[in-house]
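# When you get a sec, could you give me coordinates for this:
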Amino acid sequence: MIAQWIAVAVLIFLGFAYLKLEHHGNKIRIAIILIVGAILYFSIIGHFNTQEIDITSPRGIVNSVYLYFGWIGSTASSLWDIGVDTTHMVGNAIKINDTEETKKTR
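You can find the predicted model right below:
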């Protein structure tokens, strides 16, 4: 566990050292890359440290990699679907009033 924190600390230190050397426009890009890298790192570590994952055989490693990328894909698709639900909710909130009175005035 301590090796993981050391690796993260080294990545953060290298990222901030790189930020000092680059122009201000790249700071946001590098910060986003560091955040995404940390999220991927911790998700991989969390996935492969569970008791259900068997990495003692090649078949277990392949199955765990399939499981990890399946989880990433389902998470990304559920994040993508949030916008669809929002537009449906807004569309239902702003309904056109097609009662008989409005049809007579047309």
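
# number of nearby residues for Ser43?
Using other CB atoms under 10 Å, Ser43 has 14 other residues around it. In this view, the C-beta of every residue, glycine as well, is placed from N, C-alpha and C.

# do the same with the one 10 residues further on
The number of residues packed around Ile53, counting by other CB under 10 Å, is 16.

# same thing with Phe48?
14.

# And for Asn63?
Neighbours around Asn63, by other CB under 10 Å: 14.

# Assign a three-state SS to Lys27, would you?
helix (DSSP: H, G, I helix; E, B strand; the rest coil).

# could you check the distance from it over to Tyr18?
9 Å (CB to CB, to the nearest Å).

# tell me the domain boundaries of this protein?
1-49, 56-106 (automatic domain parsing).

# Return the member of those having the minimum mean pLDDT.
Comparing mean pLDDT across the domains of the chain, the weakest is domain 56-106, with a mean of 72.

# Run through the neighbouring helices and strands of the strand or helix carrying Phe13.
Element membership of Phe13 [criterion: DSSP states H and E] is helix 2-21. Counting contacts by 3 or more CB pairs under 8 Å, 6 or more residues apart in numbering; DSSP states H and E, helix 2-21 is packed against helix 25-48.

# Distance check, Tyr66 against Ala38.
Tyr66 is 24 Å from Ala38, by CB to CB.

# Please identify which of the two sits among more neighbours.
More crowded of Tyr66 and Ala38, by other CB under 10 Å: Ala38, with 14 against 10.
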